[in-house]
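Colleague: Predicted structure and sequence below. I'll ask about it afterward.
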Amino acid sequence: MSRIYFDHNATSPARPEVIEAVAHAMSVIGNASAQHGHGRAARNLISDAREALGIKLGLCAQDIIFTGGGTESDNTAIYSAVSAGCKRLLISSLDHPATQSAAERFGENVEFIPALASGLLNIEWLEAKLAAWDPVDGRPFVSMPAVNSETGVIQECARVIEMVRAANGLILIDAVQALGKIEFMCVPDYMAVSAHKIGGPMGVGALYVAADAPYASHLTGGGQERRRRAGTLNVAGIAGFGAAVKSADNLSDIKEIRDYIEKNLLQMEPSLAIFGKESERLPNTSFFAVPDASSMTLMMSLDIEGISVSRGMACSSGKTDASKALSAMGRLDDAPQGAIRISLGYNSTMEEAEAFLTAWAKIRKINRSNLKVAS
């Protein structure tokens, strides 16, 4: 068996139809901003991708801006809100660092919305903050992920959007991990998505901006994207994004494989902690820890066995910092040596699950033997 890839939440391998779409787009001559026939041909590829994304999200396609990725989309939304007078930003403690860092960079006053041990945001805390809002801080601004990338816990977006609207606020939903994995439709003021999480090209994303939401261009120059995002459009990447969107058919059938892995791990590991298990999660994600083994050691041992997993968000690779999600949830004591995340994808199989479990049993047998020798 070839190497097993269980790190789709970091990036999902390019789908065959995406590679085909990118190759075709690379053969299309012309700048998408040009008015001649070649330019129109390139622009048609972009329009097709924009329409596919609008249909998938249930949003107006003309309100979608193509960007260089989820990070740029998050940054642009926060920059827009701050430029419109939002002085106090309520940012989820479960948000991606791209959102948290942008808020701290652009905002005057940033507060982090706490999380519960279940992996859900503390909505009551947020409700109290909105109820006591001081108009001197401008309109409320709230940011939250649709799904936490580490635990896979699905957040209560519809409820929060309704609360923020009632407070005359603005809300950003980072839907990078939700797109193409679950049925997800809501209408916030801003929504960020990315191509490479669903088997599309890296370096391509999009930002939805509601027609009545304030917007400030984060990149200036040309008049691309209706003068909302300057820069020559990445036609091939956007075409690949469109192909990925059309192919992504959620991951409900992957849940059986994820649950099978968790069931067998629990049988092998009575002390195993699976984070967010009591909440609704992405069907492809499991974030777990054993108290007597380092997550770094386990990850590297699995890598030697030909299995790629992670210790959390890809942006944290190479760092020894504790998991942001577990810290926010108050669950660090349940993962004293870190946690492992497996995230399955469109091409994951039950055969790979069996191979993972076999490798895990082998690694843990060696771990326990080494512990006995050391004691």
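Modeller: Done, it's in.
Colleague: first to last residue in stretch 110-129, what's the distance?
Modeller: 13 Å (CA to CA, to the nearest Å).
Colleague: all helices for the stretch 101-250 of the chain, in order.
Modeller: 123-131, 157-166, 224-227, 235-247 (DSSP state H, counting those that start in this stretch).
Colleague: Deepest in the core, which of those is it.
Modeller: Across these, averaging neighbours per residue (mean count of other CB atoms under 10 Å) puts helix 235-247 on top, at a mean of 26. Yep, even glycine has a C-beta here, placed from its N, CA and C like the rest.
Colleague: The helices of the stretch 101-250 of the chain into a markdown table, with extra columns for mean pLDDT?
Modeller: Formatted as a markdown table, those follow (pLDDT from 0 to 100):
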| stretch | mean pLDDT |
| --- | --- |
| helix 123-131 | 97 |
| helix 157-166 | 97 |
| helix 224-227 | 80 |
| helix 235-247 | 97 |
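Colleague: Same list, those, but as TSV with distance to residue 271 please.
Modeller: Shown next, in TSV, are the helices of the stretch 101-250 of the chain (distance: least, CB to CB, whole Å):
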stretch	distance to residue 271
helix 123-131	31
helix 157-166	34
helix 224-227	52
helix 235-247	39
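Colleague: give the contact list for the residue lying closest to residue 59 once chain neighbours are set aside.
Modeller: Leaving aside its sequence neighbours, residue 59 sits nearest to residue 208 (CB to CB, 6 or more residues apart in numbering; 5.2 Å). Contacts for residue 208 were tallied using CB atoms under 8 Å, 6 or more residues apart in numbering; they are 57, 59, 63-65, 188, 190-193.
Colleague: Which of these sits closest to residue 48?
Modeller: residue 64 (12.6 Å; CB to CB).
Colleague: quick one, phi/psi of that closest one?
Modeller: phi -100, psi 130 (degrees, to the nearest 10).
Colleague: Does it touch residue 51 like I think?
Modeller: No - Residue 64 lies out of contact with residue 51 (CB atoms under 8 Å); the separation is 9.2 Å.
Colleague: who's more crowded, those two?
Modeller: Per other CB atoms under 10 Å, whichever of residue 64 and residue 51 has more neighbours is residue 64, with 21 against 15.
Colleague: Show the contacting residues for that one.
Modeller: Counting by CB under 8 Å, 6+ apart, residue 64 has contacts 50, 53-54, 57, 206-208.
Colleague: give me that answer again for 6 Å
Modeller: Listed by CB atoms under 6 Å, 6 or more residues apart in numbering, the contact set of residue 64 reads 50, 53-54, 206, 208.
Colleague: Scan this protein for its longest helix.
Modeller: helix 350-374 (DSSP state H).
Colleague: roughly how far out does it sit from the chain middle?
Modeller: The chain centre lies 30 Å from the centre of helix 350-374; the measure is CA atoms, centre = their mean, to the nearest Å.
Colleague: quick one: contacts of it?
Modeller: So helix 350-374 is in contact with 4, 257, 260-261, 264, 293, 301, 305, 307, going by CB under 6 Å, 6+ apart.
Colleague: again with stretch 218-228
Modeller: In contact with stretch 218-228 (CB under 6 Å, 6+ apart) are residues 65, 76, 79, 217, 229-231, 233.
Colleague: Which one of these is nearest to residue 36?
Modeller: residue 233 (15.9 Å).
Colleague: Please report phi then psi for the closest one.
Modeller: phi -70, psi 140.
Colleague: Could you pull up the contacting residues of the closest residue to it other than its chain neighbours?
Modeller: For residue 233, ignoring the flanking residues on the chain, the nearest one in space by CB to CB, 6+ apart is residue 32 at 4.8 Å. Taking CB under 6 Å, 6+ apart, we find residue 32 in contact with 42-43, 46, 233, 235.
Colleague: hmm, 10 Å instead?
Modeller: Contacts of residue 32 were listed using CB atoms under 10 Å, 6 or more residues apart in numbering, and they are 38-47, 224, 232-235, 238.
Colleague: next one: residue 179
Modeller: 53, 56-57, 70, 146-147, 191-195, 197-198, 200, 206, 244-245, 248.
Colleague: do that again at 7 Å, thanks
Modeller: 193, 197-198 (CB atoms under 7 Å, 6 or more residues apart in numbering).
Colleague: which one of these has the most neighbours?
Modeller: Neighbour-wise, the contacts of residue 179 (other CB under 10 Å) top out at residue 193, 32 neighbours.
Colleague: My read is that that one contacts residue 206, right?
Modeller: Yes - because the distance of 5.2 Å satisfies CB atoms under 7 Å, residue 193 is recorded as touching residue 206.
Colleague: if I look at the residue nearest to residue 338 when sequence neighbours are not counted, how far off is residue 209?
Modeller: Spatial nearest neighbour of residue 338, chain neighbours left out: residue 295 (3.0 Å); criterion: CB to CB, 6+ apart. Separation of residue 295 from residue 209 (CB to CB, to the nearest Å): 38 Å.
Colleague: Ok, residue 17 next?
Modeller: For residue 17 relative to residue 209 (CB to CB), the value is 28 Å.
Colleague: Thank you, goodbye.
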